[in-house]
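A.B. asks: fold the following for me, if possible:
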Amino acid sequence: MILIVRAHPYPQRSRAGRALLEAVHDLPDLEVRSLYDLYPDFDIDVAAEQAALARADLVVWLHPIYWYSAPAMLKHWFDVVHLRGWAYGDGGAALRGKHCLWVATTGGDASSFAESGAHQLPFAAFEAPIRQTAKFCGMVWEPPIVLHGANVVSNDALEAAANAFRERLAAWAPSPVAGEANTEAR
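C.D. replies: Sure thing, here's the model as predicted:
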């Protein structure tokens, strides 16, 4: 089963997020948990979220980049759902061997994520905390999908990105060696 954990504080305004979700909504064995819709008061049902994660083989974290990181709700979700003894630490093996795909959208175009760009660092520099969250829990890190310039990307480019996302999920299968981390560079 594929679980998409969506964290967008303004999902109705997210042209890119909407296109990505619409492209995959009819795939079999797919569950979408839109955190801001489910928990507008930030009172996360930990048992429900852990049950959803337990059913998943592939976990997709889908969100816009907010101040070089995940939106507050996803950070809070990590804090309260990925508990010691459940997700990591002694006895914490619930996520071990599950695959993780990070799908992020940015407001800036790809050139803004370079030493000479507005953000003065390559986008990969902002990946580390998200990747390490997955790896610390024993998850298999899949090469991320990043859609830059989500606010200004052309309709054709957005459609191509949505189709690529669909193809990636539709073709997804776990690696032959369970639990082997994917360390390939993008």
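A.B. asks: this structure: strands as residue ranges?
C.D. replies: Secondary structure of the chain (DSSP state E): strands at 2-6, 30-34, 58-64, 99-105, 140-141, 145-147.
A.B. asks: remind me what the second one packs against, helices and strands.
C.D. replies: Helices and strands touching strand 30-34, as assessed by 3 or more C-beta pairs under 8 Å, 6 or more residues apart in numbering; DSSP states H and E, comprise strand 2-6, helix 46-55. To be clear about C-beta, it is placed using only N, CA and C from the backbone, and glycine gets the same treatment.
A.B. asks: what about the last one, distance to the chain center?
C.D. replies: Using C-alpha atoms, centre = their mean, to the nearest Å, the mean C-alpha position of helix 46-55 is found 16 Å from that of the whole chain.
A.B. asks: buried residues of that helix, list them for me.
C.D. replies: E49, Q50, A52, L53 (16 or more other C-beta atoms under 10 Å).
A.B. asks: what of the first one?
C.D. replies: Across strand 2-6, burial judged by 16+ other C-beta under 10 Å covers I2, L3, I4, V5, R6.
A.B. asks: and those residues, which is closest to N151?
C.D. replies: The closest of the buried residues of strand 2-6 to N151 turns out to be R6 (C-beta to C-beta; 17.6 Å).
A.B. asks: test my guess that that closest one contacts R33.
C.D. replies: Yes: under the criterion of C-beta atoms under 8 Å, R6 makes contact with R33 at 6.9 Å.
A.B. asks: possible to save the strands of the chain as a markdown table with distance to I44?
C.D. replies: Compiled in a markdown table, the strands of the chain are given as follows (distance: least, C-beta to C-beta, whole Å):
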| stretch | distance to I44 |
| --- | --- |
| strand 2-6 | 11 |
| strand 30-34 | 10 |
| strand 58-64 | 15 |
| strand 99-105 | 19 |
| strand 140-141 | 24 |
| strand 145-147 | 25 |
